[in-house]
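**Q** compute the structure for the input listed below.
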Amino acid sequence: MSGAPSDLPYSGRFVDREHRFTVRVYYEDTDAGGVVYHANFLRFFERARTDMLALCGIDIATAQHAGEGVYVVAAAEIKYVRPARLGEALTILSRLEEVRQAACVIQQRVMRDDQLVVEGRLTVAFVGADGRPRRQPAAWIEAFQGYSGAEQAQ
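**A** Just a heads-up that it's a prediction; the model follows:
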């Protein structure tokens, strides 16, 4: 059926080298007071990063299954600015700040309309099946440059 809506999951989109990914706050995301539980912002960040990578052409599931490696969070700095509540729509903005041989630094913000809710700076390391850092595939680093404008560290 031509022109029918797609049943594919939402992947967000890039706008000026920044990935935009919108989520709705569900009951399961909140504490007893209806406020998003602090650790769930890390989940929102993860979903946005995963889809950002996919839009860059990086298939992390295939790399994992082939034993090439996976990304793990090596460091996270998070600042909680204001609460988010049940039913709200939040947009996670992700921007690659730096691409290293075995890691990436990603700035992420959670916005409600034009209000900053949470901001974070995460370093994700690429590790092999043995858990040790390894070089990211060169094609991935090249793909990041096309979407991010991030500095490539030597």
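
**Q** for Glu151, give me the pLDDT.
**A** Looking at Glu151, its pLDDT is 50.

**Q** dump the residue contacts of the spatially most central residue of the chain.
**A** The centre of the chain sits closest to Arg49, judged by Cα atoms, centre = their mean, with a distance of 1.6 Å. By Cβ atoms under 8 Å, 6 or more residues apart in numbering, Arg49 lies in contact with 71, 94, 106, 108, 122, 124. All C-beta spots, glycine's among them, are computed from the backbone N, C-alpha and C.

**Q** out of the residues you listed, which comes closest to Val35?
**A** Checking the contacts of Arg49 against Val35 by Cβ to Cβ gives Gln108 as the nearest, at 19.6 Å.

**Q** am I right that the closest one is in a strand?
**A** Yes: assessed by DSSP: H, G, I helix; E, B strand; the rest coil, Gln108 belongs to a strand.

**Q** which strand residues bridge it?
**A** Gln108 has these beta-bridge partners by DSSP bridges: Ser94, Gly120.

**Q** next one: Arg13
**A** Arg20.

**Q** so it touches Leu55, yeah?
**A** Yes: using Cβ atoms under 8 Å, Arg13 is in contact with Leu55, at 7.5 Å.

**Q** quick check: neighbours shared by those two?
**A** The contact sets of Arg13 and Leu55 overlap at His19 (Cβ under 8 Å, 6+ apart).

**Q** reformat the contacts of Arg49 as JSON lines; add neighbour count, pLDDT and distance to Ala138.
**A** As requested, those are arranged in JSON lines below (neighbours: other Cβ atoms under 10 Å; pLDDT from 0 to 100; distance: Cβ to Cβ, whole Å):
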{"residue": "Tyr71", "neighbour count": "21", "pLDDT": "95", "distance to Ala138": "16"}
{"residue": "Ser94", "neighbour count": "23", "pLDDT": "97", "distance to Ala138": "22"}
{"residue": "Ile106", "neighbour count": "26", "pLDDT": "96", "distance to Ala138": "19"}
{"residue": "Gln108", "neighbour count": "25", "pLDDT": "98", "distance to Ala138": "25"}
{"residue": "Leu122", "neighbour count": "21", "pLDDT": "98", "distance to Ala138": "22"}
{"residue": "Val124", "neighbour count": "20", "pLDDT": "97", "distance to Ala138": "17"}
